[in-house]
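Peer 1: sequence first, predicted coordinates after that:
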Amino acid sequence: MMQVQLPDGSIKEYPDNATSLDVAESIGPRLAKACIAAVVNGKVVDLKRELRLCREPGDSGPVTVRLLTDRDPEALGVLRHSAAHVMARAVMRLFPNVGLAFGPTLSTGFYYDFDMPDRIREEDFPKIEAEIGKLVAQAEPFDRFELPRSEAIGFVADLKQELKAEHIQTGLADHPTLSFYRQGEFVDLCRGPHIPDAGRIKAVKLLSVAASHFKGDAGGKSLQRLYGTAFFTQKDLDAHLAQVEEAKRRDHRVLGKQHALFHISQEVGPGLCLWLPKGATVRGLLEDFIKAELLKRGYQPVYTPHIGRVEMYETSGHFPYYRDSQFSPIFGHPAGSVVDRWITLLEAGELTSQKEKQFVEFAPLLEARVEGYPLGGLKDEKVASLKTWQSQHERYLLKPMNCPHHVQIYKSQQRSYRDLPVRLAEFGTVYRHEQSGELNGMLRVRGLTQDDAHQFCTPEQVENEFRDTVQLVQFVLGSLGLDDYRVQLSLRDPKSDKYVGSDENWQKAEASLRRVLEEMKLSFEPREGEAAFYGPKADFMVRDCIGREWQLGTVQLDYNLPERFQLEYIGTDNRPHRPVMIHRAPFGSMERFVGVLIEHFAAAFPLWLAPEQIRILPISEKFNDYAAQVEQQLKAAGFRATTDLRSSKINGKVRDAQLELIPYMLVVGREEAEQGTVTVRDRLDADHQKKLPLAQAIAELSAEVHERRIRQKAEPAKPAVAVVEGGEANEY
RNA sequence: GCUAGCGUAGCUCAAUUGGCAGAGCUCCGGUUUUGUAAACCGGAGGUUGUGGGUUCGAGUCCCACCGCUAGCUCCA
């Protein structure tokens, strides 16, 4: 017999070969029927798995069992993974020669990657869904079995599943036994767990198909990834689809065009954002808001140019490290790019003697004198010779980062410990040549303005500075109604060599960040291997009003640049010391942040941010003069107001203002003109209009602006069903 | 960058198997002088992303390039 502990703490005895299903049945037959899976000793497993197999070797204590029904978030992940299997089975029934790759769950659904000769199109979805429907109706069970390694390899070979075979050989090289799941004729290498039978899938829908690469390797085999989602009820699926629709309705690219906020012109270039007057107004207000806040917090404004010498970025490490995602250097000499290419080939060992001869002959045609070039010399001598030439000729880079410029400002004078922390702030525009496939409206662009600042401080000040910065981020996000966020603490992967700086500095930096977050009682998720190459960082993942997450603000510690640029301050001991740098951007970039805000507010900005706050609507042209007086007074009070002087009827004017999401309309006609009043029509509450003396209306609206009040609520999106994301976990 | 799909007026979209490029909104001119989600009449607006090709004839078919979208990969 074995002991089983249930969530209420009670302990019961079961036979040695008992399963979670047996536990459920002993509690009640209805529970047994409702169960999806179970959490045994902390791990989600099949209902039919013997409990003793879930024990660590040597463990003889009671086994903890928590039964999962469709109300537990973990169950949805199990359901979706099983749905991925059923979908794969359906695809294999409908298409020939289908190879299986991976089929994990996502927070919103699942996918399965296929290696197959036919192309799946959206037109094929109905017949695949119909096939899934048949399989669900048959409600066949998922049966687990295990094979020793040697047999498993032959088994998947017999199934002609080459990718699975490769995965067993490489990814699962250290697994002595491998588990499979069978469902009718469909067998898949899989860790599980699965639902008891396909009949548990009550609502499933295919969403999209796209290309992917085997194991995420861009050079690897190209696969077709079929996305879908599944729920325990049709109602949950409908709610999910409604949220997807809501997200589509809020698309900042659509709203940005509709409300003339920004424009991306083919002729200017991809990923280069043109801020239209209304979008620029929103951005300007945000900048003013944060500038005022920075001033209070002891930051000093600086401005720096948009380009800088390549050598500076070589010193900082950005140029060599991110070369592929930077715009090409700007050369002051016509032969600049030729010499650059020459060096690249030399360093890569790809320069044949024939090509080298061509370079040497070609250079003079571009008026480049490279007489000293050691034609018969060593590679290093040649590189040195060419680099000397480069250093004698101008090479500039469109700045990909503001930090080297700010570093130069720090270095422009001798710093005492009394000056520290030095906090230099700039809305700095940087340019990055993002891959074409990455560009996305304002959210991913090639020219962006960071609300950047660099804090130079003593090692002892790091934690205070970091804390102040986190508080700043909290304040600005809170001011915009974005107070639902979590923090990701990105740490280095100790096994990787992509990081610069000493182990000691990394440990210090990571410990400081952790300590402050813990002190501030901010929950955070440590993520190994996600740090920047120069230091750990804390990223703010912000949830918008319909439940989507965006990565916005970031705070990064840097022990590296001060080292590379030999930064110093004079300490109390009258000796030079090395400062620490903190990079931080509460918004991230203005482009991305405004893009997120457009989606968050669905372009209906709160009064303090609205590009046009108030529109005055004269009943007829007879009252245009009074409207002009009202407009003039509103402007004097600091409002962004216009008057609709068109000859259309009031109905038309109201409709247009409403559709343009103007927060307030002031209707003026005979009565208002005679009394010196305005009729205030609130966009969010058109049924309760108030006729107020103009001065009172101004006072009330001013208060709303000064408090930065956020009144609009998102259309209530049903909360997304919580899901424990599996990633590729349930695929081994 | 890769895979797939897409590109028609400022915007949203039509155009049968290859057979005269069209509508609504916006814009401009006029009429109307209005009390809370569209007053009426008229007009302008196009080398169908660019360049080649096939064809008697191309928005439609083929090729290359540019751009957009989704996903992959990347993100200092």
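Peer 2: Received, thanks.
Peer 1: going forward, measure contacts and count neighbours with C-alpha atoms only.
Peer 2: Will do.
Peer 1: center of chain A - which residue?
Peer 2: Closest residue to the average C-alpha location of chain A: A:Gln551 at 4.4 Å, with CA atoms, centre = their mean.
Peer 1: what's in contact with stretch A:590-600?
Peer 2: Outside stretch A:590-600, the residues within contact range by CA atoms under 8 Å, 6 or more residues apart in numbering are A:247, A:250-252, A:255-256, A:273, A:282-283, A:441-445, A:448-451, A:544-546, A:550, A:552, A:587, A:603-605.
Peer 1: get me the contact residues on the stretch 601-732 of chain A for RNA strand B.
Peer 2: Proximity of the stretch 601-732 of chain A to RNA strand B is confined to A:619-622, A:647-652, A:654-655, A:658-659, A:667-672, A:679, A:681, A:686 under the rule CA under 7 Å from any atom of the strand.
Peer 1: among those residues, which are in helices?
Peer 2: A:650-652, A:654-655, A:658-659, A:670-672 (DSSP state H).
Peer 1: which PyMOL command selects the buried ones in the residues you listed?
Peer 2: Per 16 or more other CA atoms under 10 Å, the buried members of those correspond to this PyMOL selection:
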select buried, chain A and resi 650+654+658+672
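Peer 1: dump the ones in helices among the residues of the stretch 601-732 of chain A next to RNA strand B to a markdown table, plus pLDDT.
Peer 2: Output for those, formatted as a markdown table (pLDDT from 0 to 100):
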| residue | pLDDT |
| --- | --- |
| A:Ile650 | 95 |
| A:Asn651 | 95 |
| A:Gly652 | 94 |
| A:Val654 | 96 |
| A:Arg655 | 95 |
| A:Gln658 | 95 |
| A:Leu659 | 94 |
| A:Arg670 | 95 |
| A:Glu671 | 94 |
| A:Glu672 | 96 |
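Peer 1: now, which of the ones in helices among the residues of the stretch 601-732 of chain A next to RNA strand B sits nearest A:Lys205?
Peer 2: A:Leu659 (33.8 Å; CA to CA).
Peer 1: state the distance from the closest one to A:Ala603.
Peer 2: 11 Å (CA to CA, to the nearest Å).
Peer 1: cool, and A:Arg144?
Peer 2: Relative to A:Ala603, A:Arg144 is positioned 51 Å away (CA to CA).
Peer 1: show me where pLDDT drops low in the stretch 151-300 of chain A?
Peer 2: A:218-220 (pLDDT under 70).
Peer 1: which residues of it lie near RNA strand B?
Peer 2: Proximity of the stretch 151-300 of chain A to RNA strand B (CA under 7 Å from any atom of the strand) is limited to residues A:208-213, A:215-218, A:222, A:225, A:253-254, A:257-258, A:266, A:269-271.
Peer 1: and those, which are buried?
Peer 2: For these, a neighbour count by 16+ other CA under 10 Å gives the buried set as A:209, A:212-213, A:215, A:222, A:225, A:253, A:270-271.
Peer 1: hmm, back to that, beta partners of the residue nearest to the centre of chain A?
Peer 2: Going by DSSP bridges, A:Gln551 is paired in beta bridges with A:Met541.
Peer 1: how about it, what does it touch?
Peer 2: A:539-542.
Peer 1: please repeat the previous calculation with a cut-off of 10 Å.
Peer 2: A:485-488, A:539-543, A:587-588, A:592-593, A:596 (CA atoms under 10 Å, 6 or more residues apart in numbering).
Peer 1: equivalent analysis for A:Gly9, please.
Peer 2: A:Gly9 touches A:Thr64, counting by CA under 10 Å, 6+ apart.
Peer 1: one more time with 7 Å
Peer 2: Under the criterion of CA atoms under 7 Å, 6 or more residues apart in numbering, A:Gly9 has no neighbours.
Peer 1: likewise the one 5 residues further on?
Peer 2: Shown in contact with A:Tyr14 (CA under 7 Å, 6+ apart): A:1-3.
Peer 1: one more: A:Ala637?
Peer 2: Contacts of A:Ala637 by CA under 7 Å, 6+ apart: none found.
Peer 1: now it: phi and psi?
Peer 2: Per-residue torsions, A:Ala637: phi -90, psi 0 (degrees, to the nearest 10).
Peer 1: can you check the pLDDT for it?
Peer 2: In this model, A:Ala637 is scored at 97, pLDDT.
Peer 1: quick check: it vs A:Tyr626, distance?
Peer 2: Applying CA to CA, one obtains 17 Å for the distance of A:Ala637 from A:Tyr626.
Peer 1: show me where the stretch 1-150 of chain A has its helices.
Peer 2: A:20-27, A:29-34, A:73-94, A:125-138, A:149-158 (DSSP state H, counting those that start in this stretch).
Peer 1: ugh, wrong one, the stretch 251-400 of chain A
Peer 2: A:252-258, A:277-296, A:310-316, A:318-321, A:336-348, A:353-365, A:379-392.
Peer 1: packing partners for the last one?
Peer 2: In this structure, helix A:379-392 packs against helix A:336-348, with contacts taken as 3 or more CA pairs under 7 Å, 6 or more residues apart in numbering; DSSP states H and E.
Peer 1: can you give me the buried ones in the helix it packs on?
Peer 2: Those buried within helix A:336-348 under the rule 16+ other CA under 10 Å are A:336-340, A:342-343, A:346.
Peer 1: pipe these into a markdown table and attach distance to RNA strand B per row.
Peer 2: Output for the buried residues of helix A:336-348, formatted as a markdown table (distance: CA to the nearest atom of the strand, whole Å):
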| residue | distance to RNA strand B |
| --- | --- |
| A:Gly336 | 21 |
| A:Ser337 | 19 |
| A:Val338 | 21 |
| A:Val339 | 22 |
| A:Asp340 | 18 |
| A:Trp342 | 22 |
| A:Ile343 | 21 |
| A:Leu346 | 23 |
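Peer 1: of those residues, just say which sits nearest to A:Arg467.
Peer 2: Using CA to CA, the buried residues of helix A:336-348 come closest to A:Arg467 at A:Asp340, 43.6 Å.
Peer 1: measure that closest one to A:His318 for me?
Peer 2: Using CA to CA, we find A:Asp340 at a distance of 17 Å from A:His318.
Peer 1: so which of the helices of the stretch 1-150 of chain A is nearest A:Asp493?
Peer 2: helix A:73-94 (28.0 Å).
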